[in-house]
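[1] What follows is a predicted structure for the sequence shown.
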Amino acid sequence: MKINIVKNIDELSLLAARKIIERVRKQPTTVLGLATGSTPLGTYYKLVQDYRDNKTSYKHVTTFNLDEYVGLTSADQNSYNYYMREHLFKSININPNQTFLPNGVGIDPAIECDKYEAKISESGGIDLQILGLGENGHIGFNEPGTSFSSRTHVVSLAESTREANSRYFNSLSDVPTKAITMGIETIMEAREVLLLVSGERKAKVLREVLEGTITEKVPATVLRNHSNITIIADEAAVKCLTKHCQISS
Ligand code: GLP
């Protein structure tokens with residue numbers, strides 16, 4: 001496990017974007033796993049800037065997002081589909097037919113989960129998975145208590161997650177109660193993982209992730225078992241870590 005500690009979200013975004021760009025240039029057919037939330041926004045902005053300035057091509061890249069709310073169409077401004085289009089896809093030369101998110105509006109969400117898994121396998125698996133970290137330790141929408149052997153599945157969102165995400169909605173009651181998320185085992189199969197952690201509100205959970213027991217109660221602790229993971233965290237996010245952890249690599 002490598003930990004890159006950077007000053008702030010700007011530096012985090014720059015470093016994360018550099019790693020993604022380097023990967024895409026080296027392997028133009030890269031299969032990227034993408035995350036939403038506020039943390040990767042700056043990273044996506046840097047990818048767009050780099051596309052404009054340096055023309056890094058995404059023509060042969062395929063993407064799979066971690067999760068999507070159940071019940072929101074892709075036209076809904078709070079859907080992750082909309083988020084990805086607005087913040088990244090519409091501003092780079094990626095083929096929209098090669099960008100995948102779980103379908104939150106299919107007739108049977110369970111069937112959509114199986115289809116998503118099949119699509120990931122068909123694409124040869126994820127080369128580089130970008131991850132954010134929920135305040136309760138969730139990754140994707142895998143809430144505390146999710147089995148480490150879970151595959152893409154439908155989840156009932158924790159109240160704390162709905163509250164944390166209600167900042168994007170008109171009110172808490174508008175936040176969907178269910179989502180489809182890649183499972184923990186699905187995420188762990190990515191050949192490389194890049195976990196982005198920013199801000200003081202993640203400091204306590206990052207300490208648990210790095211220094212606590214590996215447990216399904218804190219889903220992100222499973223990442224310590226991944227053989228190729230890099231964490232980029234800013235100074236505010238590492239402030240609860242012990243010195244030992246801060247210098248581990
Ligand atoms: C949401 C997403 C996660 C994301 C998390 C943290 O619940 N489903 O994939 O990592 O929020 O979001 P933020 O980066 O806004 O703190």
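    Now that the structure is in, tell me what you want to look at. Computed from a prediction, not measured in an experiment: that's the story for all the values here.

[2] can you map out the helices along the chain?
    Applying DSSP state H to the chain gives helices spanning 9-26, 41-54, 80-87, 109-122, 159-165, 184-188, 203-211, 243-246.

[3] can you list these in a markdown table and add mean neighbour count and mean pLDDT?
    (C-beta placed from N, C-alpha, C; glycine too.) Output for the helices of the chain, formatted as a markdown table (neighbours: other Cβ atoms under 10 Å; pLDDT from 0 to 100):
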| stretch | mean neighbour count | mean pLDDT |
| --- | --- | --- |
| helix 9-26 | 18 | 98 |
| helix 41-54 | 17 | 98 |
| helix 80-87 | 20 | 98 |
| helix 109-122 | 16 | 97 |
| helix 159-165 | 16 | 92 |
| helix 184-188 | 22 | 98 |
| helix 203-211 | 20 | 96 |
| helix 243-246 | 11 | 56 |
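
[4] For Leu32, find the nearest of these.
    Nearest to Leu32, of all these, is helix 9-26, at 7.1 Å by Cβ to Cβ.

[5] May I have the distance across stretch 138-146, first residue to last?
    Using Cα to Cα, to the nearest Å, the end-to-end distance of stretch 138-146 comes to 9 Å.

[6] Indicate whether it makes contact with the ligand.
    Yes: under the criterion of Cβ under 6 Å from any ligand atom, the ligand is reached by stretch 138-146 at 140-141.

[7] average pLDDT for that stretch?
    For stretch 138-146, mean pLDDT is 96.

[8] Just the buried positions in it, please.
    Under the neighbour-count criterion of 16 or more other Cβ atoms under 10 Å, stretch 138-146 has 138-144, 146 buried.

[9] Likewise for stretch 162-175?
    162, 164-165, 175.

[10] Straight-line length of it, end to end?
    6 Å.

[11] How about residues contacting it?
    Residues outside stretch 162-175 that contact it (Cβ atoms under 8 Å, 6 or more residues apart in numbering) are 78, 134-135, 157, 177.

[12] again, but for stretch 93-105
    Contact with stretch 93-105 is made by 51, 57-59, 61-65, 67-74, 79-81, 84, 88-89, 112-113, 115-116, 119-120, 152, 176, 179-182, as judged by Cβ under 8 Å, 6+ apart.

[13] Surely Thr43 is in contact with Leu194?
    No: judged on Cβ atoms under 8 Å, Thr43 makes no contact with Leu194 at a distance of 9.2 Å.

[14] who touches both of the two?
    With Cβ under 8 Å, 6+ apart as the test, Thr43 and Leu194 both reach 16, 20, 130.

[15] got the residues of the protein near the ligand?
    Counting by Cβ under 6 Å from any ligand atom, the chain comes close to the ligand at 35-39, 66-67, 132-134, 140-141, 161, 165.

[16] related to what we said a few turns ago, just give me the closest of the shared contacts of Thr43 and Leu194 to the ligand.
    Ile130 (9.3 Å; Cβ to the nearest ligand atom).
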